[in-house]
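A.B. asks: When you get a sec, could you give me coordinates for this:
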Amino acid sequence: MTQETMVLISTLRAALKMRAAAYAHMFDVMREQLGLEKALEIGKEATRRLGSEMAGNYRQYGPDDLQGLKEAFLGAIPGGGELFIPEVVKCDQDELEIYFQKCPLKDAWTDLDRSDEDLEHLCDFAGAIDAGMFTSAGFTFAGETWKPGQSGCCRLRVRPGVAENKSGEN
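C.D. replies: Here you go, the predicted structure:
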């Protein structure tokens, strides 16, 4: 790895650590003022919307080019595979499944001594970005975020979406 790449990875890790801290603070304030369920509802909706805005890079592959989506998505992961260590578990016409062995957000929350319960909620909160991105790109999303007792982090499961009817007929 070149010195330039190492600096880039370090900068990305710091930026993701700051994003993780921002998510954690927002979650804490919402939970204190609104309760757990409402905090999760609002946080997930906000991150889902962010994901929807990011969908443009992947719409050309929807609703069913999972191979194209895989290549584009993996090619756009910040820091290559260094920060998330993605493992393609499956990619066929029925499903694209990617398991992330690491997550810099989850690592940052762990470094902040968050409980397993908080880690689970924060992963759920932040993971809604994927649902927003993949569904807005035309796919069906059935991912799973980290749960206590599991290794690694989230598991993205993307399936073909419903093709739009271009003729205007229902």
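
A.B. asks: For the residue nearest to Gly127 when sequence neighbours are not counted, which residues are in contact?
C.D. replies: Nearest residue to Gly127, sequence neighbours excluded (C-beta to C-beta, 6 or more residues apart in numbering): Thr145, at 4.0 Å. C-betas here are computed from N, CA, C, even on glycine. The contact partners of Thr145, by C-beta atoms under 8 Å, 6 or more residues apart in numbering, come to Glu120, Cys123, Asp124, Ala126, Gly127, Cys153, Cys154.

A.B. asks: repeat that with 10 Å
C.D. replies: Contacts for Thr145 were tallied using C-beta atoms under 10 Å, 6 or more residues apart in numbering; they are 103, 106, 119-128, 130, 153-156.

A.B. asks: Quick check: next helix or strand after the lengthiest helix in the chain?
C.D. replies: Ranked by residue count under DSSP state H, the longest helix found in the chain is helix 3-34. Using DSSP states H and E, the next helix or strand after helix 3-34 towards the C-terminus is helix 36-53.

A.B. asks: what comes up buried for that following helix?
C.D. replies: Ala39, Leu40, Gly43, Lys44, Ala46, Thr47, Arg48, Gly51, Ser52 (16 or more other C-beta atoms under 10 Å).

A.B. asks: For those residues, work out which two are farthest apart.
C.D. replies: Ala39 and Ser52 (20.4 Å; C-beta to C-beta).

A.B. asks: what's the angle from the longest helix of the chain to helix 36-53?
C.D. replies: 140 degrees (axes from the mean of the first three to the mean of the last three C-alpha atoms, to 10 degrees).

A.B. asks: Buried residues, helix 3-34. List them.
C.D. replies: 8-9, 12-13, 16-17, 20, 23-24, 26-27, 30-31.

A.B. asks: From the chain's centroid, how far away is that helix?
C.D. replies: 14 Å (C-alpha atoms, centre = their mean, to the nearest Å).

A.B. asks: Counting by contacts, list what it packs against.
C.D. replies: helix 36-53, helix 104-111, helix 116-136 (3 or more C-beta pairs under 10 Å, 6 or more residues apart in numbering; DSSP states H and E).

A.B. asks: measure the residue nearest to Gly127 to Asp124 for me?
C.D. replies: 5 Å (C-beta to C-beta, to the nearest Å).

A.B. asks: between these two, what contacts are shared?
C.D. replies: Cys154.

A.B. asks: before we move on, the earlier item: what would the helices and strands packed on helix 3-34 look like in a markdown table with distance to Arg59?
C.D. replies: Formatted as a markdown table, these follow (distance: least, C-beta to C-beta, whole Å):
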| stretch | distance to Arg59 |
| --- | --- |
| helix 36-53 | 11 |
| helix 104-111 | 25 |
| helix 116-136 | 8 |
